[in-house]
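Visitor: Predicted model, plus sequence, below.
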Amino acid sequence: MHHPLRLRLDRAALAANWRWLAATAGTACGAAVKADGYGTGGSAAVAVLAEAGCRDFLVSTWDEARRLGPLPTGASLSVLHGVGPDDVADALASSARPVLNSVEQVARWRAAAPDRPCEVMVDSGMNRLGLRPEEVGVLDGLAIDTLMSHLACADQDHALNAGQLARFREVKAVVSAKRYSLANSAGICLGRDYSFDLVRPGLALYGGIPRAEAEGKIAQVAYPEAQVVQRRIANAGESVGYGATFVATRDTELAILNIGYADGYLRCFAGHGGGSVGGARLPLVGRVSMDLVALDCGAAPGLREGDWVALDYDLPVAAAATGLSQYELLTGLGDRFERVWG
């Protein structure tokens, strides 16, 4: 089946990003591969990262764990949302470890598999998931592989960073575990005080820049490309697209591309987006439709139906232009893209 959309993925960049994060952290470096590897394709991302040396992988749900399939030899998998009321059978059938997030989840796991290793999330100040520090007494007797917490403001120079570090150290002093883990991508950039025994990057693996310290160190991984459906001319005075928001001031050659907001290329790219072919820049004109966009292709006279155009998708640049987060830009890329690793 032919796909008119493709996401070109750079395996060397993904591996190099992981190696830089591991070296910067100075400790074991895992990889968040939730949301289908942040939109890149979870199983393929695991294979690339495992070859680079990664051994610890994390997903959100048991369904994501199932979709990954068998892990490489020696690798482990953590399920961040833990074991809910409907997850016990899936958890017991899997080799993945649940990350227990509440008193209820601790009780559920203790009843179902008291001797099996688990992981635990402690809330050090984010108020999202995790046991509160005063609740950690319920963990006595559990076989905890990794005790973890999550930073809320590591992408900023925020007082909460140091506060969470201090609270996590306090919990570490009273809860016995094989390993302790606090830092995400941005947390790694805060320095090795935040590294502990394991870091858990996500965004930076896939080309996102979590903090200024990573600029020039992290390489782009994902490159969306779309085929031309039609080349046409909008005559001077004619409008383009819904709402007639763009009116041609001259005869304007247009390339209509097979991509739109149903693919995660959202309407906020209007006025900001574009693409390139053969070194020529093709700005987006008019609104983004569900399945189509129009680019001014006057700078590419040879562009024809069926040709491929690379969309402008440098994550920090696109985030600044559109107001979307780098996370949204990656994970929003839809199923109509063929993932092509090179």
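Guide: Cool, the structure landed. Numbers count the residues shown, from 1 in each chain.
Visitor: Ala25 reaches Ser195, doesn't it?
Guide: Yes: counting by C-beta atoms under 8 Å, Ser195 is a contact partner of Ala25 at 4.5 Å. Heads up, the C-betas are built off the backbone N, CA and C, glycines and all.
Visitor: so what sits against both of the two?
Guide: Ala183, Ile188 (C-beta atoms under 8 Å, 6 or more residues apart in numbering).
Visitor: what's near enough to touch Ile259?
Guide: Counting by C-beta under 8 Å, 6+ apart, Ile259 has contacts Leu5, Pro224, Ala226, Tyr265, Asp291, Leu292, Val293, Leu311.
Visitor: Touching the helix or strand harbouring Glu328 from outside, list them.
Guide: Glu328 is part of helix 326-331 when elements are defined by DSSP states H and E. Outside of helix 326-331, the residues within contact range by C-beta under 8 Å, 6+ apart are 35-36, 38-40, 203, 206-209, 222, 264, 313, 315-316, 318-319, 322.
Visitor: In helices only, show me these.
Guide: Under the assignment DSSP state H, those contribute Ala35, Asp36, Tyr38, Leu315, Pro316, Ala318, Ala319, Thr322 to helices.
Visitor: any idea which of the residues you listed is closest to Val122?
Guide: Nearest to Val122 out of the ones in helices among the contacts of helix 326-331 is Ala35 (C-beta to C-beta; 23.3 Å).
Visitor: Quick check: the gap between the closest one and Glu135.
Guide: 29 Å (C-beta to C-beta, to the nearest Å).
Visitor: For those two, work out which one has more neighbours and name it.
Guide: Legend: neighbour count by other C-beta atoms under 10 Å for Ala35 and Glu135, higher for Ala35 (17 against 14).
Visitor: For Ala321, which non-adjacent residue is closest in space?
Guide: Closest residue to Ala321 apart from its sequence neighbours, by C-beta to C-beta, 6 or more residues apart in numbering: His272 at 3.9 Å.
Visitor: Could you tell me the model confidence score at the one you found?
Guide: Looking at His272, its pLDDT stands at 94.
Visitor: next one: Asn258
Guide: 98.
Visitor: show me where pLDDT drops low in the stretch 51-200 of the chain?
Guide: Judged against pLDDT under 70, the stretch 51-200 of the chain has no low-scoring part.
Visitor: In it, what residue spans correspond to helices?
Guide: 62-68, 88-93, 103-112, 159-172, 185-189 (DSSP state H, counting those that start in this stretch).
Visitor: So which residues make contact with the shortest one?
Guide: Spelled out, it's helix 185-189. Under C-beta under 8 Å, 6+ apart, the answer for helix 185-189 is 21, 24-25, 151, 154-155, 161, 194-195, 199, 201-205, 208, 210-211, 213-214.
Visitor: Just the buried residues from those residues, in ChimeraX please.
Guide: The buried residues among these can be selected in ChimeraX (16 or more other C-beta atoms under 10 Å) with this line:
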select :21,24,25,151,154,155,161,194,195,199,201,202,203,204,205,208,210,211,214
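Visitor: The residue nearest to Ala321 belongs to a strand?
Guide: No: going by DSSP: H, G, I helix; E, B strand; the rest coil, the assignment for His272 is coil, not a strand.
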